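*Asks:* no sequence for this one, just the structure:
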């Protein structure tokens, strides 16, 4: 099946609320069961790539639209204890409470259940060269919630939206 068709079907059928942020023009990472990641992005737009659905482990995205050159959303990843070097349960709980009160952040638990994922939707979308996406992300996160960046493992990078 063609990548964009397959990912589109997964995202439409999946009950995971984060998949609603995906569309075919966003930079997408497909992680296969052998641990390799295949990217479709501005440098190598490959929406025609074929995949065997049984081989897919995860689908991730950066929120960067490689067709328009705009950031549509910023993903935030905060690791809990199970990720090694992550934060303890009390810190995660405090961050969850803090972020849940912020209307600019759509908050989700990580797949492991002990970390947090957040998505900040950009309105309007922001014109940004791809290499500057992580810098933009740091500024956006800091403007939305001062001091939050010190807790973040990744902002503006790949955020896993779907796990098999």
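*Replies:* In hand now; what should we look at? Only a predicted model underlies this, so the values are computations on that prediction, with no experimental measurement involved. Numbering: from 1, shown residues only.
*Asks:* and stretch 105-113, how far apart are its ends?
*Replies:* In stretch 105-113, first residue to last residue: 18 Å (CA to CA, to the nearest Å).
*Asks:* pLDDT of it, averaged?
*Replies:* On average, the pLDDT along stretch 105-113 is 87.
*Asks:* Go ahead and name everything in contact with that stretch.
*Replies:* 17-18, 76-80, 82-83, 96, 99-100, 115-121, 144-145, 160, 163 (CB atoms under 8 Å, 6 or more residues apart in numbering). Using the backbone N, CA and C atoms, a C-beta is placed for each residue, glycine as well.
*Asks:* and it, how far from the chain's centre?
*Replies:* 11 Å (CA atoms, centre = their mean, to the nearest Å).
*Asks:* now stretch 98-111
*Replies:* 13 Å.
*Asks:* likewise stretch 97-114?
*Replies:* Counting by CA atoms, centre = their mean, stretch 97-114 comes out at 13 Å from the chain centroid.
*Asks:* Strands of the chain, start to end?
*Replies:* Taking DSSP state E as the criterion, the chain contains strands spanning 26-32, 37-40, 56-65, 70-78, 106-109, 116-127, 154-155, 159-163.
*Asks:* and the last one with strand 116-127, angle?
*Replies:* Interaxial angle of strand 159-163 relative to strand 116-127 (axes from the mean of the first three to the mean of the last three CA atoms, to 10 degrees): 120 degrees.
*Asks:* Distance of the closest residue to residue 134 other than its chain neighbours relative to residue 81?
*Replies:* In space, and not counting its chain neighbours, residue 134 is closest to residue 156: 4.2 Å by CB to CB, 6 or more residues apart in numbering. As judged by CB to CB, to the nearest Å, residue 156 and residue 81 stand 24 Å apart.
*Asks:* These two: which is more packed in?
*Replies:* Ranked by neighbour count (other CB atoms under 10 Å), residue 156 and residue 81 place residue 156 first, with 26 against 15.
*Asks:* List the backbone torsions phi and psi for that one.
*Replies:* Dihedral pair for residue 156: phi 90, psi 0, per degrees, to the nearest 10.
*Asks:* Which residues are in contact with it?
*Replies:* So residue 156 contacts 62, 63, 71, 74, 75, 133, 134, 135, 136, 137, 138 (CB under 8 Å, 6+ apart).
*Asks:* surely the fifth one meets residue 157?
*Replies:* Same thing as residue 75. Yes - taking contacts as CB atoms under 8 Å, residue 75 lies within contact range of residue 157: 7.2 Å.
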